[in-house]
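K.L.:
how does the following fold in three dimensions:
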Amino acid sequence: MEITRSIYVTRAEAAVYLNVPPRWLANNTKSGPRYIKVGGLVRYSVEALDAFMSAHEGRH
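P.N.:
Take a look at the predicted model:
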């Protein structure tokens, strides 16, 4: 069995990755990228951040 490792980042790191304010992520928990909450910790997988951006890609 092969185990792949996902990378999880904090809200602040996710905000830098997406080039948005951290508050935007906090305010858009329903419409923003998927996240994982364990206790009081919120983490985003890089895969979920990429999927969110791809889903909102526009065409000109």
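
K.L.:
neighbouring strands - and their directions - for the lengthiest strand in the chain?
P.N.:
Using DSSP state E, we find that the single longest strand of the chain is strand 41-45. Here strand 41-45 has these sheet partners by DSSP bridges: strand 8-9 (antiparallel), strand 36-38 (antiparallel).

K.L.:
and those strands, which is most packed in?
P.N.:
Ranked by mean neighbour count, these are led by strand 8-9 with a mean of 17 (mean count of other Cβ atoms under 10 Å). Any C-beta I mention is one placed from the backbone N, CA and C, and that applies to glycine too.

K.L.:
any idea of the mean pLDDT in the longest strand of the chain?
P.N.:
Mean pLDDT, computed over strand 41-45, is 96.

K.L.:
so which of the strands paired with strand 41-45 is nearest Y17?
P.N.:
Among the strands paired with strand 41-45, strand 8-9 comes nearest to Y17, with 6.7 Å by Cβ to Cβ.

K.L.:
let me see the mean pLDDT of that closest one.
P.N.:
Mean predicted lDDT for strand 8-9 stands at 93.

K.L.:
do stretch 12-23 as well
P.N.:
Across stretch 12-23, pLDDT averages out at 96.

K.L.:
next structured bit after the longest strand of the chain?
P.N.:
Next along the chain after strand 41-45, taking DSSP states H and E as the criterion, comes helix 46-55.

K.L.:
contacting residues around that next one?
P.N.:
Applying Cβ atoms under 8 Å, 6 or more residues apart in numbering, the contact partners of helix 46-55 are 6-9, 14, 17-18, 32-35.
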